[in-house]
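1. sequence plus the predicted model coming up.
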Amino acid sequence: MEVSVVIPCLNEEKTIGICIQKAMKAIKNKGVTGEVIVVDNGSTDNSSNIAKSMGARVIYQPVMGYGSAYLMGLEEAKGKYIIMADADDTYDLQELGEFLDSLKSGYEFCIGSRFKGKILSGAMPWLHRYIGNPILTGLLNLFFGAKISDAHCGLRAVTKEAYKKMNLKTLGMEFASEMVIKALKLKLKIKEIPLTYYPRQGESKLNSFRDGWRHLRFMLLYSPTYLFLIPGLVMFFPGLVILLVLLPGPLILGKLFFDIHYMVLGSLLAILGFQTINLGLYAKAYSLTEHFEENDRVIEWFLRYFNLERGLYYAPP
């Protein structure tokens, strides 16, 4: 088996058939052995029956969620190369050949780009096109040093070997961000492929603000340096400088008089900054224990010099 096309599905009876048909046609045109896997994530319509009648392999995932559906489908995939696609016909699955060719040429992870390609009228809401996607993609690029133009495109491809290295875990919509972040952290060979984005048929399952927050929260969990450590340092050192300057006593600079009020401000900044830095260290440690991160130089350095026994030994009586 060379290629597996994995399609999560939740009440997509209007489009699941055409998606399977296009995927199978693309596989046939490339002359490779392949399969189409439809992951039924709790459909109450005729989606599963349509998928079976079209020759797809249908598996059932009772745990709701975009990520949980993909995790089961990816585990069940038998192909050396895996194509991931939505079931709403917003992507032309006859374009899968370019993704497959890219994987065969040595790329390990390919992701479509609607912004480098073409977005048809009515395909993407204004809020998503000009605010949501650009902001979330921009933050991902900032936090992880990437140059991705469309981090949330639903058409992507990965080698089976690269997928196993990713060790993906999230169950919701943030799964899309996790996959890109893991690919960047593993330094996989990544390629963006421009494509056309079509208007969907049927009801969208996306909740703009809830799912957007889940993406943002997940990126911040993976970036405690930006969320805690840098803000903590920005507060701690100015506060410490104020305290050290005022340590000998009040300071007079021309008509300005610096006394107890500024010392209180310095104390607040130093304490708040120190606590925020601690939160950053806790977040990094949590990421390691939950295997979001495999290693972290800051935590490794910290654990080299600080542990429970030393803390108890040096603690005041």
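-> The structure has been received and is ready for your questions.

2. so what's the closest residue to residue 226 other than its chain neighbours up against?
-> Closest residue to residue 226 in three dimensions, ignoring its sequence neighbours and counting by C-beta to C-beta, 6 or more residues apart in numbering: residue 143, at 5.7 Å. For glycine as for every other residue, the C-beta is placed from the backbone atoms N, C-alpha and C. Going by C-beta atoms under 8 Å, 6 or more residues apart in numbering, residue 143 touches 219, 222-223, 226.

3. would residue 118 count as being in a strand?
-> Yes - with the criterion set as DSSP: H, G, I helix; E, B strand; the rest coil, the secondary structure at residue 118 is a strand.

4. tell me the secondary structure at the closest residue to it other than its chain neighbours.
-> The spatially closest residue to residue 118, leaving aside those adjacent along the chain, is residue 196, at 4.6 Å (C-beta to C-beta, 6+ apart). In terms of secondary structure, residue 196 is strand; the call rests on three-state DSSP.

5. mean confidence for the helix or strand harbouring the residue nearest to residue 226?
-> Following DSSP states H and E, one finds residue 143 within helix 133-144. Taken as a whole, helix 133-144 has an average pLDDT of 89.

6. if you count neighbours, what's buried in it?
-> 133, 136-137, 139-141, 143-144 (16 or more other C-beta atoms under 10 Å).

7. could you dump the residues you listed to a markdown table with distance to residue 52?
-> What follows is these, written out as a markdown table (distance: C-beta to C-beta, whole Å):
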| residue | distance to residue 52 |
| --- | --- |
| 133 | 34 |
| 136 | 36 |
| 137 | 37 |
| 139 | 41 |
| 140 | 37 |
| 141 | 41 |
| 143 | 42 |
| 144 | 40 |
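
8. how is the chain carved up into domains?
-> With automatic domain parsing serving as the domain definition, the record reports that the chain contains domains spanning 3-221, 224-314.

9. can you tell me the closest non-neighbouring residue to the residue nearest the centre of the chain?
-> Residue closest to the mean C-alpha point of the chain, counted by C-alpha atoms, centre = their mean, is residue 177 at 1.4 Å. Nearest-residue entry for residue 177: residue 215, 4.9 Å, with adjacent residues in sequence omitted and distances by C-beta to C-beta, 6+ apart.
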